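>>> Sequence and predicted structure are below.
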Amino acid sequence: MDLALQQTDRIRPVATQLTTEEEAIATARALARRFAESASDRDVDRLLPHHELEALSQSGLLSITVPSEYGGLDVSNAVLAEVTAILAEADGSIGQIPQNHFYILEALRTDGSEEQKKFFFGRALAGDRFGNALSERGTKTVGHYNTRISRDGLGYRINGSKYYSTGVVFADWITVFALDEEDRLTMSFLPRGTEGIEIIDDWDGFGQRTTGSGTTILHNVYARADAVVFHHKGFERPTTIGSVGQIIHAGIDLGIARAAFAETVEFVKTKSRPWMDSGVEHASDDPLTIAKIGQIAIRLEAATAVVERAGQKVDVAQIDPSEANVVSATLAVAAAKVLTTEIALEASNTLFELAGTSSVRVGLNLDRHWRNARTHTLHDPVRWKYHVVGNYHLNDVTPPKNGAL
């Protein structure tokens, strides 16, 4: 497979090879300290984090889920979620960008051919980034697609338009999801610069402003046969594709919640005034404020624990993808996504409740945490996760097999 020869202006040094989970966590923390320094400025001016993504590529973190038999670290899913949370706490957008990258690697692990795994896992180990061209506007639901892939000689042609293409602006590989002639979902790996691909940086959401989630237009794009994975197979049997994707989303929300909580504590300690009837000298001595801080801290701890437990169940299901193990992982990850969604929104709201009126000054840009939380938590609505969990326990209905669970 010589697809790498098609890549344009993407030459970089080979990425660092991380050897332990502890090293992965430490690396994420070191990067997070750097990313946090300019996160607010990037949000205000919508400065895309190209340099930061290059640093992420070089760090080796983008290959931590590559299976050990292909030279990767193959971290536990709890560690994957924690690495995500660490990055998202520093910058919510940067924390989200690799989500599709890791989802794609999990889909490759599940349904790729041996040749595809060797090649694309190798590219991940080298530091390449995989971006998605998945979601579309104007379809009946988010699970429907108008983008089509059809046979053309030894390969395929792809036509369509994608929106919410998270991370595609920074990607070395554009991973396109399209339906074939039999309405089966496929996943095609296209090198950046492939003729017929147009990437438009038009994402204008009020939160997660620098994720590069723009439009991808595909005009008669050629895809080699050996670059196409039949993604539908991953949802015809029990797999962990959805669980891996969702636990990363939970990690993003957890990181945003931590960032909001840290800002709250700092502001209340150093800037907030106590309420006039409180009878205390400092806002940090107000018993109602203290109790609310304790409440958020406890819920953050609970969400962190549930994410870790869910990650362990996903690990088990990856090793033994039986129906029972996959269902157990799905339900645990759904619970984690619910709790992290709720704490992200609560923590970012509480920031202003406790910090007071002065905290809403535009120059402080503290509202980015709420904007990021509100925007990202719209992924895969949690009301349906409550339904899936309840329906399983009450009516023995197995959770649907899709990328949102």
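Right, received. Where do you want to start? Source: prediction; values computed, not measured.

>>> alpha carbons only for contacts and neighbour counts from here, please
Will do.

>>> low pLDDT regions in this protein?
Along the chain, the model assigns pLDDT under 70 to residues 1-10.

>>> Please parse it into its domains.
3-129, 148-231, 237-395 (automatic domain parsing).

>>> between those domains, which one is nearest to Thr141?
Closest approach to Thr141 among the domains of the chain (Cα to Cα): domain 237-395, 11.8 Å.

>>> start to end distance for that closest one?
End-to-end span of domain 237-395 (Cα to Cα, to the nearest Å): 21 Å.

>>> How far off centre is that domain?
In terms of Cα atoms, centre = their mean, to the nearest Å, the centre of domain 237-395 is found 15 Å from the chain centre.

>>> Assign a three-state SS to Val79, would you?
Three-state call for Val79 (DSSP: H, G, I helix; E, B strand; the rest coil): helix.

>>> How many residues are close by it?
Using other Cα atoms under 10 Å, Val79 has 22 other residues around it.

>>> Hmm, Ile25 and it touching each other?
Yes - between Val79 and Ile25 there is a contact under Cα atoms under 8 Å: 7.5 Å.

>>> any idea whether Ala250 is helix, strand or coil?
With three-state DSSP as the criterion, Ala250 reads helix.

>>> Could you measure from it over to Leu405?
According to Cα to Cα, Ala250 and Leu405 sit 12 Å apart.

>>> Which one's more surrounded, these two?
Ala250 (29 against 25).

>>> Now for that one: which residues touch it?
Counting by Cα atoms under 8 Å, 6 or more residues apart in numbering, Ala250 makes contact with 81, 307, 336-337, 340-341.

>>> returning to what we had before: I'd like to know which of the domains of the chain is closest to Thr139.
Per Cα to Cα, nearest to Thr139 of those: domain 148-231, 10.9 Å.

>>> Show me the helices in the stretch 151-300 of the chain, by range?
241-270, 287-319 (DSSP state H, counting those that start in this stretch).

>>> of the ones you listed, which approaches Arg374 most closely?
helix 241-270 (9.6 Å).

>>> before we move on, back to that, redo the domains of the chain as JSON lines? Include distance to Ser135.
Formatted as JSON lines, those follow (distance: least, Cα to Cα, whole Å):
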{"stretch": "domain 3-129", "distance to Ser135": "12"}
{"stretch": "domain 148-231", "distance to Ser135": "6"}
{"stretch": "domain 237-395", "distance to Ser135": "11"}
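
>>> Helix, strand or coil: sort out the most centrally placed residue in the chain for me.
Centroid check for the chain by Cα atoms, centre = their mean gives Gln99 as the closest residue, at 2.8 Å. Under three-state DSSP, the three-state class of Gln99 is helix.

>>> wait, it sits on His249?
Yes - because the distance of 7.1 Å satisfies Cα under 8 Å, Gln99 is recorded as touching His249.

>>> Could the C-alpha coordinates of stretch 184-199 be exported in CSV?
Extracted in CSV, the C-alpha atoms of stretch 184-199 (Å, rounded to 0.1, in the frame of the first residue of the first chain):
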residue,chain,number,x,y,z
ARG,A,184,-24.0,0.0,3.4
LEU,A,185,-21.9,2.5,5.3
THR,A,186,-18.2,2.7,4.3
MET,A,187,-15.2,4.5,5.6
SER,A,188,-12.6,5.7,3.1
PHE,A,189,-9.1,7.0,3.9
LEU,A,190,-8.2,9.8,1.5
PRO,A,191,-4.8,11.6,1.7
ARG,A,192,-5.0,15.3,2.3
GLY,A,193,-4.7,17.0,-1.1
THR,A,194,-6.7,14.4,-3.0
GLU,A,195,-8.2,15.9,-6.1
GLY,A,196,-11.9,16.7,-5.7
ILE,A,197,-11.8,17.4,-1.9
GLU,A,198,-12.7,20.9,-0.9
ILE,A,199,-12.4,21.8,2.8
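
>>> Residues contacting it, please?
3-4, 6-8, 168-169, 171-180, 214-223, 227-232.

>>> next one: stretch 398-405
Residues outside stretch 398-405 that contact it (Cα under 8 Å, 6+ apart): 235-236, 238, 241-243, 245-246, 327, 330-331, 333-334, 380, 385, 388-389, 392.

>>> go again using 10 Å as the cut-off
Here stretch 398-405 makes contact (Cα atoms under 10 Å, 6 or more residues apart in numbering) with 103, 107, 143, 232, 234-247, 323-324, 326-331, 333-334, 337, 379-381, 384-385, 387-389, 391-392.

>>> Generate a PyMOL selection restricted to the buried subset of those residues.
Applying 16 or more other Cα atoms under 10 Å to the contacts of stretch 398-405, the buried members can be selected in PyMOL as follows:
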select buried, resi 103+107+232+234+235+238+239+240+241+242+243+244+245+246+247+326+327+328+329+330+331+333+334+337+380+385+388+389
